[in-house]
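Asks: when you get a sec, could you give me coordinates for this:
(3 chains)
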Amino acid sequence: MRTFLHPQDLGDLQAALQEARAIKADRYAHANLGKNRTALLIFFNNSLRTRLSTQKAAMNLGMNVIVLDVNQGAWRLETERGVVMDGDKSEHLLEAVPVMGSYCDVIGVRTFARFESRDDDYSERILRQFIDHSGRPVFSMESATVHPLQAFADLITIEEHKRKARPKVVLTWAPHPKALPQAVPNSFAEWALAAGYDLTIAHPEGYELCEDFTRGAHITHDQDEALRGADFVYAKNWAAYSADHYGQVLSRDMSWTVSRDKMALTHDAAFMHCLPVRRGMIVTDDVIESPRSLVIPEAANREISATVVLKRMLQAL
Amino acid sequence: MRTFLHPQDLGDLQAALQEARAIKADRYAHANLGKNRTALLIFFNNSLRTRLSTQKAAMNLGMNVIVLDVNQGAWRLETERGVVMDGDKSEHLLEAVPVMGSYCDVIGVRTFARFESRDDDYSERILRQFIDHSGRPVFSMESATVHPLQAFADLITIEEHKRKARPKVVLTWAPHPKALPQAVPNSFAEWALAAGYDLTIAHPEGYELCEDFTRGAHITHDQDEALRGADFVYAKNWAAYSADHYGQVLSRDMSWTVSRDKMALTHDAAFMHCLPVRRGMIVTDDVIESPRSLVIPEAANREISATVVLKRMLQAL
Amino acid sequence: MRTFLHPQDLGDLQAALQEARAIKADRYAHANLGKNRTALLIFFNNSLRTRLSTQKAAMNLGMNVIVLDVNQGAWRLETERGVVMDGDKSEHLLEAVPVMGSYCDVIGVRTFARFESRDDDYSERILRQFIDHSGRPVFSMESATVHPLQAFADLITIEEHKRKARPKVVLTWAPHPKALPQAVPNSFAEWALAAGYDLTIAHPEGYELCEDFTRGAHITHDQDEALRGADFVYAKNWAAYSADHYGQVLSRDMSWTVSRDKMALTHDAAFMHCLPVRRGMIVTDDVIESPRSLVIPEAANREISATVVLKRMLQAL
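Replies: Below is the predicted model of the structure:
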């Protein structure tokens, strides 16, 4: 495996989920696989869960880990040819990225949507620079448009808790005070569909996600309709994707907060969220603290998804 | 051992000191104990000695180490229930702390007295959040009111250098330009008393420490009286603890600086300080550079105290 | 080996280059040498290549690594005796440095010329404090006046690519918008001369380097003359060294940029630069992207030079 951004990068998704189960049962089973192998984890944005769980995963496999914090503002690489670099860009990507690749075996990159330009964000410019020029396998630790380690962990969690072969899974928008990227809902939709779940996406008008990720899902503006009969409710805020309103907050409609009344519409659904979560906005205290809340085991599964991904990258070296 | 804040957490203190001696003689004797175990070290404040010595200790035991720097100002976790989190707090402690616990086996936490509220500092709010909600053993790497790894290292040092079974140990206040926490003097008094030393505490009026830590010590405002016959002189500045003046600097009396003349009053005492130390304020050059100064070996013993604590936490997992 | 600043610290340079070749062939051959040994890498300045390559080197040898970032502005150690430390310096070097030494086996230090005082920079004050007071072997990870890990990597690279026993090597100044230290050109000249290469240094008037490093080189202000017959062209900017203009930018003469026309004067020379490099200023795109450009393998050899140095320090413990 040379890149990890999408479910198809794992090949047979069911086999990957099976492998995750095995690794969770014995997460040190491959502790020699990473001997004398180095993971370089590059953070252009702050990260708590991803930083800790990916380090832990690399160490589960016996890898050496180098963490590099890069201020995104300071990462002013020149990308054009023919430029006289007499300004604030002190290095060209054609030098910087291959050099970083030369000191490691696998690279993880964390970036974030900047909401300055939809085309820029959706081109995954920074991540692509590493894929194209580092000479190493590259995996997203959340990038501008996808968060595959999260979505893979979400699927591992659903598989652990599902009560029927093809559960009804609902991804619902919920209110938040700030503009947030679409990386998590994009990947959750993409992965849930790849897993063959019965996926419904509910959001207010104007919050349509990029169709590349949602094709095959039932999409509605009626949250109650969506929740009826749901087995899993995945709440998440995101800012608008539409060309006219890209990155904007169009609604703070608090009637979309996932409450006990909302959950009562479901088929005793489990509640999921990628964290961090704002209580009272996204979800009420009683729902997130209920026995049907999976937010903590879901976060713990981040270690498992990252271990599977790194294991596969190591095996393909 | 599930928490490490106080000497009683170690059980039999003499046995723990004996264990420290053995580890110092062979600090890699338990290099397999920490295999596939991860220490998460969380720093809410800058740290040099604690950061280096605790990392070293964890590596002595073969542990993996993850260091996390958290800006205390940025650690705005919501702690209440029933709140609509639409402000600057983006996560609730009931999610954040268990998740951090899920990626490690042992947690060390470094915090600092903020001097905004005595009750707030003395409740050890941040440290307690980890003890109560992380699901992992938690040790203080200096918190608002205690610095047990330092005090344990101090005792190891005294045991190495004492010339009689029950030495006279003097903890003396000394002047400093800034307001400093009581964590070091609190723990030093608590641990020296737990070890059964003959402890005298000397400080100007108004600098009384919390009685919970000093009960059993002889307390005086006369530094010269305290120093007479002393075997060990432990100098340290702290700000006032009293409810009326909490966190204030009440004195900069330079006659309290530990000088050669002061040391001449003692029984050829050894000089100790936790470092960093301001020369000319706390102690004169000739005293800290004298053959009776233990400040460097005392700092080096921080590695030993941390190794014992981590070893015990690992053994109890 | 107790210090690493100059080629003579390696003893027989040819033997060291031979050892580098062997390590490059099997960089994990000594993976047990560093067992239970700790490298402390202290960065007073930002670093990308040095940080990654030195960590990698230490891990190649099985060492534990502790990275410490110190804001150079915040490193206000008192160095005088007899001072009342009531100002902004909270620690004396005679305490801080030995304590840091007590938690590790080998220390790497990264500092930078500050251009405030030539005497201050050329005394290598911070690095010397560690050499004199840490009690540990100390190596420069670029300091105010030398960058020996870079120069050693440069020699490894030249040895790999040279086509005759004693190549003509040209170190040429090239324009840059900012004032840069002399560490890289100083060390490159010193090491190239130590290796016995036929070294020519070309720069505009006023850019003479310190003679301690360049004695034995042919020095000219005519870049074209220098380039004629060159086997290797090493481009680098530096600020003035002369007492009157220390640290100043005296020229931005773009006729010194290494272009295809310039390279046509050479004996099909290889192009080298320590990176990061500003294209269009130091070198044109076509030269740095040509098959004769060695900048990426040269950077990759930083891992090899650091592995040799750490290996030798470990063997001498």
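Asks: does chain C sit close to the longest helix belonging to chain A?
Replies: Longest helix of chain A, by residue count under DSSP state H: helix A:295-315. No - shown here: helix A:295-315 not in contact with chain C (Cβ under 8 Å from any Cβ of the partner chain), separated by at least 15.2 Å. The C-beta positions use only the backbone N, C-alpha and C, and glycine is treated the same way.
Asks: residue A:193 sits in which helix or strand?
Replies: In this assignment (DSSP states H and E), residue A:193 forms part of helix A:183-194.
Asks: look at the spatially closest residue to residue A:113 that is not a sequence neighbour and give its secondary structure.
Replies: In this structure, residue A:113 finds its nearest non-sequential neighbour in residue A:181, 3.8 Å apart by Cβ to Cβ, 6 or more residues apart in numbering or on different chains. What DSSP: H, G, I helix; E, B strand; the rest coil gives for residue A:181 is coil.
Asks: what about residue A:181, distance to residue B:43?
Replies: For residue A:181, the distance to residue B:43 equals 28 Å [Cβ to Cβ, to the nearest Å].
Asks: what does the worst-scoring helix or strand of chain A on mean pLDDT contact?
Replies: Scoring the helices and strands of chain A by mean pLDDT, DSSP states H and E places strand A:77-78 at the bottom, with a mean of 84. Residues from elsewhere that reach strand A:77-78 (Cβ atoms under 8 Å, 6 or more residues apart in numbering or on different chains): A:85, A:89, A:91, A:92, A:93, A:96, A:97, A:129, C:279.
Asks: before we move on, what about stretch A:4-12?
Replies: With Cβ under 8 Å, 6+ apart as the test, stretch A:4-12 has contacts from A:1, A:3, A:13, A:16, A:124, A:127, A:137-140, A:143, A:146, A:148-149, A:151-152, A:190-191, A:194-195, A:308-309, A:312-313.
Asks: write out the residues of chain A neighbouring chain C.
Replies: Counting by Cβ under 8 Å from any Cβ, chain A sits next to chain C at A:36, A:38, A:40, A:64, A:66, A:68, A:78, A:81-87, A:90-92, A:94-96, A:98-100, A:102-104.
Asks: of the residues you listed, grab the buried ones for PyMOL.
Replies: To isolate the buried members of the residues of chain A next to chain C in PyMOL, using 16 or more other Cβ atoms under 10 Å in any protein chain shown:
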select buried, chain A and resi 38+40+64+66+68+78+83+85+90+91+92+94+95+96+98+99+100+102+103+104
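Asks: quick one: the strands in the stretch 201-317 of chain A, in order.
Replies: Using DSSP state E, counting those that start in this stretch, the strands assigned to the stretch 201-317 of chain A run over residues A:218-220, A:232-236, A:270-272.
Asks: which neighbouring elements make contact with the second one?
Replies: Applying 3 or more Cβ pairs under 8 Å, 6 or more residues apart in numbering or on different chains; DSSP states H and E, we find strand A:232-236 packed against helix A:148-161, strand A:168-173, helix A:183-194, strand A:270-272.
Asks: pLDDT value on the residue in the stretch 201-317 of chain A positioned nearest to chain C, please?
Replies: Of all residues in the stretch 201-317 of chain A, residue A:317 sits closest to chain C, at 14.2 Å by Cβ to the nearest Cβ. Residue A:317 carries a pLDDT value of 95.
Asks: quick one: contacts for it?
Replies: By Cβ under 8 Å, 6+ apart, the contact set of residue A:317 is A:37, A:105, A:106, A:137.
Asks: which of the residues you listed are buried? Put it as a PyMOL command.
Replies: Entered in PyMOL, the line below selects the buried ones among the contacts of residue A:317, by 16+ other Cβ under 10 Å:
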select buried, chain A and resi 37+105+106+137
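Asks: could you dump the contacts of residue A:317 into JSON lines with pLDDT and secondary structure added?
Replies: Shown next, in JSON lines, are the contacts of residue A:317 (pLDDT from 0 to 100; DSSP: H, G, I helix; E, B strand; the rest coil):
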{"residue": "A:37", "pLDDT": "97", "secondary structure": "coil"}
{"residue": "A:105", "pLDDT": "98", "secondary structure": "coil"}
{"residue": "A:106", "pLDDT": "98", "secondary structure": "strand"}
{"residue": "A:137", "pLDDT": "98", "secondary structure": "coil"}
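Asks: give me the low-pLDDT residue ranges for chain A?
Replies: A:72-75 (pLDDT under 70).
Asks: for the helix holding residue A:193, output the C-alpha coordinates as PDB.
Replies: What follows is helix A:183-194, C-alpha atoms only, in PDB (Å, rounded to 0.1, in the frame of the first residue of the first chain):
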ATOM      1  CA  ALA A 183     -13.000  15.700   6.000                       C
ATOM      2  CA  VAL A 184     -14.800  13.600   8.600                       C
ATOM      3  CA  PRO A 185     -18.300  13.500   7.000                       C
ATOM      4  CA  ASN A 186     -16.800  13.000   3.600                       C
ATOM      5  CA  SER A 187     -14.800  10.000   4.700                       C
ATOM      6  CA  PHE A 188     -17.500   8.600   7.000                       C
ATOM      7  CA  ALA A 189     -19.900   8.600   4.100                       C
ATOM      8  CA  GLU A 190     -17.400   7.200   1.700                       C
ATOM      9  CA  TRP A 191     -16.400   4.300   4.000                       C
ATOM     10  CA  ALA A 192     -19.900   3.500   5.200                       C
ATOM     11  CA  LEU A 193     -21.000   3.100   1.600                       C
ATOM     12  CA  ALA A 194     -17.900   1.100   0.800                       C
END
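Asks: quick one: check that helix for contact with chain B.
Replies: No - using Cβ under 8 Å from any Cβ, helix A:183-194 never reaches chain B; the gap is at least 14.6 Å.
Asks: pull the distance from stretch A:106-120 to the chain's centre.
Replies: How far stretch A:106-120 lies from its chain's middle: 12 Å, per Cα atoms, centre = their mean, to the nearest Å.
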